[in-house]
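Chemist: I need the structure of the sequence given here:
(2 chains)
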Number of protein chains: 2
Amino acid sequence: VTVVDDLRAAVADIDYVQESVFERIPEKREVSEAIGALIRDDAVVGSSSSGIPASAFTEHAPRRQRFLIAHPVNPPHLVPLVELVPAPWTDPAILPWLRAMMQAVGQAPIVVNREIEGFILNRLQGVLLKEAWALFEEGYASAADIDLCVSQGLGLRWSFMGPFATIELNAPGGIADYCARYTGFYKRLQATPAGPEVYDDANIASILKEWGKQATPEQLASLTRWRDQRLAALAAHKKDQLAPPGA
Amino acid sequence: VTVVDDLRAAVADIDYVQESVFERIPEKREVSEAIGALIRDDAVVGSSSSGIPASAFTEHAPRRQRFLIAHPVNPPHLVPLVELVPAPWTDPAILPWLRAMMQAVGQAPIVVNREIEGFILNRLQGVLLKEAWALFEEGYASAADIDLCVSQGLGLRWSFMGPFATIELNAPGGIADYCARYTGFYKRLQATPAGPEVYDDANIASILKEWGKQATPEQLASLTRWRDQRLAALAAHKKDQLAPPGA
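Modeler: Have a look, this model is predicted:
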């Protein structure tokens, strides 16, 4: 890693730029326009944003067709996923190139075909959080037990199989059989989805009350080190495992 | 394991009965009424149901206050979670006893305080599936990439931390700080939630088309063996890992 304090020196003759300034539109816009003026015509600029689409800050950037979102996941050195999200003006030829480049360095890129707020990851996380918060708010379970439901249940399969691969094995005849058996059930469960009101102040206060006193910065740092050790150990574990038959 | 072909011999002098007949109300009702007539007054009967509440089939069972749901997760010998869900007439003293008993044999029981269709696990799984299906239907990503978003992203943390523990470390100041930063974002994402219509036949057909040809029974059996090997290896891996600081 080489640190430079001059933007031209950082980006002028570079194939790929990962822009990671604060996730706020004015800062993203300013730095994108400065980068666009300095890069080669064939450079690619991926922006670390977890929810803001590239069109919100690259419209007036020079070489705007070379910009897209490349959203890593926290902590990015231990979670392989990267979401690649083009703006409407992004050159589509960038996607296969960047996907292959990310794979070559050990990341797991996915392509989000067009812009949507929250992309895929935070939309999936968001609906699960919303249901978790609704079940807590209605008194069905404690936050601790809802956490266990994921960490000792749903999350185990999901650490190596996505939701589609999971349901393929949850009915004797595969995905079509699963749909025939269970979509009626899911439709009933979701007939009246919890709304965004689960994030009201009273529910947040109840969750914080059960969770216990606010962790100190030192406790959060210690928990974060533990999480990262666990993720590193999980990555090492996964590396030794067999791929699925037929993959 | 001792196999008997007589219900009285199976349940008459037993502390705990795990009833696992087909998940259909008439069969559940018939066997629950037969079991209730044979058990000791202090026995407990947990029913393996992934969504049907106990009140739907134990109302007229003898000793109905001794029945509740004890929902294991597929595959039950490799996923520790068990959802304990009392009916309105279940003796509340059973819950701490059964929770401790399940923990003593290595399971991870949680208590669902009152009945709700789908309990906690399938409600959380259901909302994530619904969003995944909606994102696929709208053309935002392939089913394969949505799967990667979970298996290489969200599912890694969730294999050892629940959603509340996860968000505590996703903002510098913990859960309260996370709520202050991100609930506005989530409210926007969820302002117009996908509806149950994502499970219509056309979307199921599109998913199956991308997924490729229907797996044969042999292929599904082979994939299931692979999944179970992965879950067993993950369980062995998790056993060797450190608990979080302060836990």
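Chemist: Could you pick out the longest helix of chain A?
Modeler: helix A:217-239 (DSSP state H).
Chemist: If you count neighbours, what's buried in that helix?
Modeler: By neighbour count with 16 or more other Cβ atoms under 10 Å in any protein chain shown, helix A:217-239 contains the buried residues A:220, A:223-224, A:226-227, A:230-231, A:233-234, A:237-238. Quick note: C-beta positions are derived from backbone N, CA and C, even for glycine.
Chemist: Going by neighbour count, list what's buried in stretch A:192-202.
Modeler: Under the neighbour-count criterion of 16+ other Cβ under 10 Å, stretch A:192-202 has A:193-194, A:196, A:198-199 buried.
Chemist: just those that are near chain B?
Modeler: Taking Cβ under 8 Å from any Cβ of the partner chain as the test, chain B is in contact with A:193, A:196, A:199 out of those.
Chemist: Export the residues you listed to TSV and append columns for pLDDT.
Modeler: Putting those into TSV (pLDDT from 0 to 100) gives the following:
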residue	pLDDT
A:Pro193	87
A:Pro196	85
A:Tyr199	90
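Chemist: Same list, those, but as JSON lines with secondary structure please.
Modeler: Shown next, in JSON lines, are these (DSSP: H, G, I helix; E, B strand; the rest coil):
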{"residue": "A:Pro193", "secondary structure": "coil"}
{"residue": "A:Pro196", "secondary structure": "helix"}
{"residue": "A:Tyr199", "secondary structure": "helix"}
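Chemist: for the residues you listed, which one is nearest A:Ala9?
Modeler: Using Cβ to Cβ, the shortest approach to A:Ala9 within these belongs to A:Tyr199, at 43.8 Å.
Chemist: if I look at the spatially most central residue of chain A, how far off is B:Asn170?
Modeler: In chain A, the residue lying closest to the centroid (Cα atoms, centre = their mean) is A:Leu121, at 3.8 Å. Distance, A:Leu121 to B:Asn170, by Cβ to Cβ, to the nearest Å: 12 Å.
Chemist: same thing with A:Glu83?
Modeler: 16 Å.
Chemist: Of these two, which one has the most company?
Modeler: A:Glu83 (25 against 18; other Cβ atoms under 10 Å in any protein chain shown).
Chemist: That one: what secondary structure?
Modeler: Criterion first, three-state DSSP; result for A:Glu83: strand.
Chemist: And the strands in chain A?
Modeler: In chain A, the strands defined using DSSP state E lie at A:16-19, A:44-47, A:67-72, A:81-86, A:108-111.
Chemist: can the third one be found next to chain B?
Modeler: No: contact of strand A:67-72 with chain B is not found when judged by Cβ under 8 Å from any Cβ; the minimum separation is 9.6 Å.
Chemist: orientation of that strand relative to strand A:81-86 in degrees?
Modeler: Computed by axes from the mean of the first three to the mean of the last three Cα atoms, to 10 degrees, the angle separating strand A:67-72 from strand A:81-86 equals 170 degrees.
Chemist: and strand A:67-72, what's its mean pLDDT?
Modeler: What strand A:67-72 shows for mean pLDDT is 97.
Chemist: Can you lay out the strands of chain A as TSV showing distance to B:Trp89?
Modeler: Output for the strands of chain A, formatted as TSV (distance: least, Cβ to Cβ, whole Å):
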stretch	distance to B:Trp89
strand A:16-19	59
strand A:44-47	57
strand A:67-72	50
strand A:81-86	46
strand A:108-111	48
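Chemist: so which of these comes closest to A:Phe160?
Modeler: A:Phe160 lies closest, by Cβ to Cβ, to one member of the strands of chain A: strand A:108-111, at 11.9 Å.
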